[in-house]
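Asker: Could you work out the structure for the sequence below:
(one chain, ligands or ions: 2)
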Amino acid sequence: MSGTSVDGIDAAVIQIAQRPGQEHGIEVELLAFENTPYPVHVRNSIFQLFDVTKATVDKVGAMNMWLGELYARAALSVIDQSGLEPSQIAAIGSHGQTIYHAPEKNMMDGYNLHCTIQIGEGALIANRTGIPCVSDFRVADMAASGQGAPLVPFTEYLLFAHPETTSLLQNIGGIGNVTVLPANASPEEVYAFDTGPGNMIMDALVSRLFPPMTMDAGGSIAASGQVIDALLEWMQQDEYYTLPLPKSTGRERFGQQYADQIVEMMKARNWKAEDVIATSTRLTAWSIADSYERYIAPQHQAHQLLIGGGGSYNPTLLRDLRQLFAPYGVQVLTQEDLGGNSDAKEAVAFAVLAYYTMKRLPNNIPQVTGASQPAVMGKISWP
Ligand SMILES: Nc1ncnc2c1ncn2[C@@H]1O[C@H](COP(=O)(O)OP(=O)(O)OP(=O)(O)O)[C@@H](O)[C@H]1O
Ligand SMILES: CC(=O)N[C@H]1[C@@H]2OC[C@@H](O2)[C@@H](O)[C@@H]1O[C@H](C)C(=O)O
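Answerer: Ligands and ions are numbered 1, 2, ... in the order given. Model prediction:
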């Protein structure tokens, strides 16, 4: 898995045990996990592709192969760490790198041309590892008129649903996304959506205002600043926060151009850099709490908000979240609080999704993505 933050490659080896007689009853054990940060020049080359005027087909094509090589190496390395041989691995699930995501309806000659592009060639991963590789998951959901995201809720339902506890699984990566798992839910009652920016705005602003840092490690910059009310109010006006469900978003809305606008405002109004970081941190926490109030609380009183993704390592963000969720009586915990691993969660999810692809079983949740029907997502490349 390589997410929207483009911080590195997350690779996990898992063992799946099928509960007898239950197609969707599985137990997952994490055998090994490894995060390989992208070298700076690779990260910069990927970021170039987020600018549609620079993402020419030659560059996209070459990066598709380059990332395939890097993902294959990451897979072989984590397999080695697990103590297994590649020949013992049934399949690799590779999400790839999203370079473009346009889930909204886009009609042309009567066809909906909404699209999403994940690169990192699966054929190359299969060839280099000798293991079948499932990649390019999202397009099958889009073919069924879905948004192609979020996909992790399928696995969260399998792994975290509980008879008595209503949980919100909040991932805070580049983008924030939440899965609502009502107590004793059937699959049809699960829903999920992107809450808005996760770390994306913070990362972009830290990169601009505190180079060579690329993230607010430990939330220390935000902790040293004060929230700027005028900026927070401006950010809260984005129409994304009130769009109807299902909805998903990405760098196209909250990426570099968005951060540039804030830097311009900051210069014009003499705001302090650490206050701008404190405000963007609060915005992420606010968007998660606002999503709860707007789309979840009217139907479900949640017991806990379980934070995963890199945002769970930012104590200032967690502080803001705990403050905002206290009035609702929702406990804020991280995956680590449950004995899990915030970093590994999405990599594990794509391994689980690949397990279903290999069995030719549907692995999207139509009401989550807005798809008209279940789909078997993922394309299989054989070695
Ligand atoms: N120690 C830390 N302190 C503060 N923030 C951190 C820390 N570690 C990671 N992060 C934040 O988490 C981000 C990475 O999160 P993660 O790996 O979950 O994102 P992703 O998987 O790329 O994104 P997405 O889930 O949106 O696809 C970093 O860019 C950074 O902002
Ligand atoms: C198009 C795309 O890559 N979307 C990501 C992104 O990062 C978080 C959020 O936005 C989520 O919608 C999705 O990723 C996770 C893995 C998902 O599909 O569940």
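
Asker: what separates the strand or helix carrying residue 287 from the chain centre, distance-wise?
Answerer: Residue 287 belongs to helix 273-291 when assigned by DSSP states H and E. Helix 273-291 sits 18 Å away from the centroid of its parent chain (C-alpha atoms, centre = their mean, to the nearest Å).

Asker: Residue numbers of the chain in contact with ligand 1?
Answerer: Residues of the chain lying close to ligand 1 by C-beta under 6 Å from any ligand atom are 3-5, 7, 171, 173-175, 198-199, 202-203, 215-219, 309-311, 313-314, 346. C-beta: built from backbone N, CA, C; applies to glycine.

Asker: if we can go back for a sec, what comes up buried for the helix holding residue 287?
Answerer: Going by neighbour count (16 or more other C-beta atoms under 10 Å), the buried part of helix 273-291 is 273-291.

Asker: thinking again about what came up before, buried members of the residues of the chain next to ligand 1 into PyMOL, please.
Answerer: The following PyMOL line selects those of the residues of the chain next to ligand 1 that are buried, judged by 16+ other C-beta under 10 Å:
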select buried, resi 3+4+5+7+171+173+174+175+198+199+202+203+215+216+219+309+310+311+313+314+346
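
Asker: which ones are touching the residue in the stretch 201-350 of the chain that ligand 1 sits nearest to?
Answerer: Here the residue of the stretch 201-350 of the chain nearest ligand 1 is residue 310; by C-beta to the nearest ligand atom that distance is 1.9 Å. Residues in contact with residue 310 (C-beta atoms under 8 Å, 6 or more residues apart in numbering) are 5, 7, 172-173, 198-199, 215, 342-343.

Asker: how does it look with 7 Å?
Answerer: With contact taken as C-beta atoms under 7 Å, 6 or more residues apart in numbering, residue 310 is in contact with 5, 7, 172-173, 199.

Asker: since we're on residue 29, how many residues are nearby?
Answerer: Neighbour count of residue 29, defined by other C-beta atoms under 10 Å: 10.

Asker: isn't residue 165 right up against residue 184?
Answerer: No - with contact defined as C-beta atoms under 7 Å, residue 165 does not reach residue 184; the gap is 9.3 Å.

Asker: Quick check, residue 3 in contact with residue 346.
Answerer: Yes - between residue 3 and residue 346 there is a contact at 6.4 Å, judged by C-beta under 7 Å.

Asker: Look up phi and psi at the residue of the stretch 101-250 of the chain found nearest ligand 1.
Answerer: Of all residues in the stretch 101-250 of the chain, residue 173 sits closest to ligand 1, at 2.1 Å by C-beta to the nearest ligand atom. When read as degrees, to the nearest 10, the backbone of residue 173 gives phi -100, psi -130.

Asker: How about the contacts made by it?
Answerer: 3-5, 198-199, 309-310.

Asker: Show me what from the stretch 51-200 of the chain comes close to ligand 2.
Answerer: Counting by C-beta under 6 Å from any ligand atom, the stretch 51-200 of the chain sits next to ligand 2 at 98, 101, 116, 149-152, 173-175, 177, 194.

Asker: and those residues, which two are the farthest apart?
Answerer: 116 and 173 (16.1 Å; C-beta to C-beta).

Asker: quick one on the thing from earlier: tell me the pLDDT of the residue of the stretch 201-350 of the chain closest to ligand 1.
Answerer: pLDDT, residue 310: 94.

Asker: circling back: now the element after the helix holding residue 287, going C-ward?
Answerer: strand 304-308.

Asker: And ligand 2, is that next one touching that?
Answerer: No - shown here: strand 304-308 not in contact with ligand 2 (C-beta under 6 Å from any ligand atom), separated by at least 10.4 Å.

Asker: Skipping adjacent residues, who's closest to residue 8 in space?
Answerer: Excluding the flanking residues, the one nearest residue 8 by C-beta to C-beta, 6 or more residues apart in numbering is residue 37, at 4.0 Å.

Asker: buried stuff in stretch 194-213?
Answerer: 194-209.

Asker: Report the mean per-residue pLDDT for that stretch.
Answerer: pLDDT averaged over stretch 194-213 gives 97.

Asker: Which residues outside that stretch are in contact with it?
Answerer: Contacts of stretch 194-213 (C-beta under 7 Å, 6+ apart): 4-5, 150, 172-178, 214-216, 221, 240-241, 247-249, 251, 254-256, 258-259, 262-263, 273, 276-277, 280-281, 283-284, 287-288, 291, 309-311.

Asker: Please, where are all the helices along the chain?
Answerer: Taking DSSP state H, the helices of the chain run over residues 40-48, 57-82, 122-129, 138-143, 153-160, 200-209, 220-223, 229-236, 251-254, 256-269, 273-291, 315-325, 345-358, 366-369.

Asker: Kindly reformat the ones you listed as a markdown table containing distance to residue 30.
Answerer: As requested, the helices of the chain are arranged in a markdown table below (distance: least, C-beta to C-beta, whole Å):
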| stretch | distance to residue 30 |
| --- | --- |
| helix 40-48 | 26 |
| helix 57-82 | 9 |
| helix 122-129 | 19 |
| helix 138-143 | 24 |
| helix 153-160 | 11 |
| helix 200-209 | 26 |
| helix 220-223 | 30 |
| helix 229-236 | 36 |
| helix 251-254 | 29 |
| helix 256-269 | 34 |
| helix 273-291 | 26 |
| helix 315-325 | 23 |
| helix 345-358 | 6 |
| helix 366-369 | 24 |
